[in-house]
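J.: Pasted the sequence and its predicted model underneath.
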Amino acid sequence: MIDREDRQRLQHAKLFANISLESIEHLLERCHRLDLERGEHLLEAGAANSHLYLILDGELRVYLADRTMPEHAVFGAGDCVGEMSLLDGQKASALVLAAHDTRLLAMPHEVLWALVDCSHGVARNLLAIMAGRMRNDNLAMVNSQTQSLEFEQASSVDALTGIHNRRWLLEAYPRAIGRCERNGESLCLIIADIDLFKRFNDRFGHLAGDGVLRRVARQLADGLRTQDLIARYGGEEFLILLPHAGLDEALLIAERLRDLVAACALETSEGMQSVTLSCGVAQMRKGETLDELTSRADAALLNAKENGRDRVETAE
Ligand SMILES: Nc1nc2c(ncn2[C@@H]2O[C@H](COP(=O)(O)OP(=O)(O)OP(=O)(O)O)[C@@H](O)[C@H]2O)c(=O)[nH]1
């Protein structure tokens with residue numbers, strides 16, 4: 001039974017904006033009141049839900065993962081929750097709980113459909129509510145992408161592969177180069193690039209491509225000596241610095257890495273597939289900067305690509 005106070009609150013519900021409650025009285029009678037105490041759960045992710053809940057008073061919070069993560073949305077008097085299950089007939093997609101003692105009107109889904117059938121105004125309001133949800137979700141997605149980019153930029157680790165990133169490389173490599181130069185030790189640089197990676201992505205999907213990047217990064221890191229440094233330089237390119245290594249040793253290391261990657265197959269939608277690696281190797285010249293060393297190794301990599309890929313070439 002809905003009392004006078006609740007009825008007044010219902011007038012402010014977004015679902016009933018510009019609707020006369022008298023005209024839908026017979027359907028409102030099929031709804032019931034539900035009172036939640038602070039902290040009580042209304043909906044659980046994955047559980048069945050057959051109601052739309054209109055908030056008469058109080059506050060509900062929505063958590064997409066679990067309560068250790070910040071809430072995704074907060075709803076107060078006039079808002080509603082549970083409309084997703086109504087529209088797609090699926091189970092609840094989030095945890096919803098009462099942040100304070102909260103008073104709700106529980107409307108069975110069939111009653112809401114009957115309301116939509118008999119009132120264009122309610123149908124329009126429901127669409128407006130859904131549009132608002134989508135806008136909020138889009139905003140949350142953009143914020144979370146921006147945030148992870150900021151974290152990535154502030155960190156020295158590549159979020160996808162877990163190895164060091166370009167930011168770290170630009171600080172660590174010049175230091176290592178300086179150390180080798182001061183001690184008169186030899187040093188080499190390998191640029192390793194996955195072959196025809198665009199074709200792999202196009203054929204098996206970007207997620208499978210991400211899996212390849214993770215696997216190749218792990219293979220390369222595991223195939224190096226303890227003193228070697230590796231970082232993801234760009235998309236599918238890795239920069240490997242080999243202190244105390246002459247050209248012959250660097251070539252052996254590069255060939256070993258190429259073999260390791262070629263021998264490792266990955267599960268895809270079309271069965272096990274492997275990728276190959278092309279490498280350019282350059283030995284540091286006296287007084288050379290990281291930029292200069294990199295561009296010589298890059299030229300060698302270009303030769304490896306032009307000469308058929310899946311091979312190692314040495315810089316001039
Ligand atoms: N899955 C995935 N793909 C990426 C990532 N970063 C870059 N790529 C893709 O890597 C591909 C690189 O393509 P290209 O530069 O044309 O080179 P390629 O296809 O490997 O050809 P070659 O280097 O000439 O052998 C592009 O399609 C990028 O979209 C990533 O983080 N994940």
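T.: Happy to help now that I have it.
J.: Flag every residue of the stretch 201-316 of the chain that's near the ligand.
T.: 201, 206, 209-210, 213, 235-236, 305, 309 (C-beta under 6 Å from any ligand atom). The way it works is simple: take the backbone N, C-alpha and C, and place the C-beta from them, glycine included.
J.: and with 5 Å instead?
T.: 206, 209-210, 235-236 (C-beta under 5 Å from any ligand atom).
J.: Secondary structure for those - can I get that in JSON lines?
T.: What follows is these, written out as JSON lines (DSSP: H, G, I helix; E, B strand; the rest coil):
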{"residue": "His206", "secondary structure": "helix"}
{"residue": "Gly209", "secondary structure": "helix"}
{"residue": "Asp210", "secondary structure": "helix"}
{"residue": "Gly235", "secondary structure": "coil"}
{"residue": "Glu236", "secondary structure": "coil"}
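J.: Give me the buried entries from those residues.
T.: Those of those that meet the buried threshold are 209, 236, by 16 or more other C-beta atoms under 10 Å.
J.: export the residues of the stretch 201-316 of the chain next to the ligand to TSV and tack on pLDDT?
T.: Below are those laid out as TSV (pLDDT from 0 to 100):
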residue	pLDDT
His206	92
Gly209	94
Asp210	94
Gly235	93
Glu236	95
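J.: Would you map the helices across the stretch 101-250 of the chain?
T.: According to DSSP state H, counting those that start in this stretch, the stretch 101-250 of the chain carries its helices in the segments 109-118, 120-154, 166-182, 197-204, 206-222, 247-262.
J.: Give the rounded mean pLDDT of the longest one.
T.: Taken as a whole, helix 120-154 has a mean pLDDT of 86.
J.: wait, does it contact the ligand?
T.: No: for helix 120-154, no contact with the ligand is found by C-beta under 5 Å from any ligand atom; the gap never falls below 11.4 Å.
J.: Any idea how far that helix is from the middle of the chain?
T.: 15 Å (C-alpha atoms, centre = their mean, to the nearest Å).
J.: do the fifth one as well
T.: On the basis of C-alpha atoms, centre = their mean, helix 206-222 is displaced by 16 Å from the centre of the chain it belongs to.
J.: how about that helix: buried residues?
T.: Buried-residue list, helix 206-222, by 16+ other C-beta under 10 Å: 208-209, 211-217, 219-221.
J.: Now do stretch 34-48: everything it contacts.
T.: With contacts defined as C-beta atoms under 8 Å, 6 or more residues apart in numbering, stretch 34-48 is touched by 49, 53, 58, 60, 64, 81-82, 85, 91-106.
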